[in-house]
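> Sequence and predicted model, in that order:
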Amino acid sequence: MQKNVGRLDACIRGALAIVLFVVAVVFNRSPVISLAAALLALILMGTALTRSCPLYRALHVDSTTPKPQGM
């Protein structure tokens, strides 16, 4: 799997995942909000840890540092 998520992007995704996990715990009386927040948090954490995003791949987006091109 090719990495297409940069380090800063992965850190932001990880932080958002933590916030969404907290939202899932706080809103545990509303199963729809809790489940949606937890599912989105899992997706964000997975893409942050693997540094590969299928949506980025489909849209041809790459947030990693550009590789220098030879002459």
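Received the coordinates, thanks. Numbering: from 1, shown residues only.
> Which pLDDT does the model give Gly70?
Here, the pLDDT recorded for Gly70 equals 66.
> Revised request: answer the last question for Ser30.
On the pLDDT scale, Ser30 gets 94.
> Gly14 too?
97.
> The residue nearest in space to the middle of the chain: what secondary structure?
Geometric centre of the chain, nearest residue: Leu44, 2.9 Å, by C-alpha atoms, centre = their mean. Per DSSP: H, G, I helix; E, B strand; the rest coil, the secondary structure class of Leu44 is helix.
> Leaving out sequence neighbours, find the closest residue to it.
Spatial nearest neighbour of Leu44, excluding adjacent residues (C-beta to C-beta, 6 or more residues apart in numbering): Ala17 at 4.1 Å. For every residue, glycine as well, the C-beta is placed using N, CA and C.
> which residues sit against the particular helix or strand that has that neighbour in it?
Assigned by DSSP states H and E, Ala17 falls within helix 7-26. Contacts to helix 7-26, defined as C-beta atoms under 8 Å, 6 or more residues apart in numbering, come from residues 5, 33-35, 37-38, 40-42, 44-45, 47-49, 51, 63.
> Drop anything exposed from those residues.
Using 16 or more other C-beta atoms under 10 Å as the burial test, these include Val5, Ser34, Ala37, Ala38, Leu40, Ala41, Leu44, Met45, Thr47, Ala48, Arg51, Ser63 as buried.
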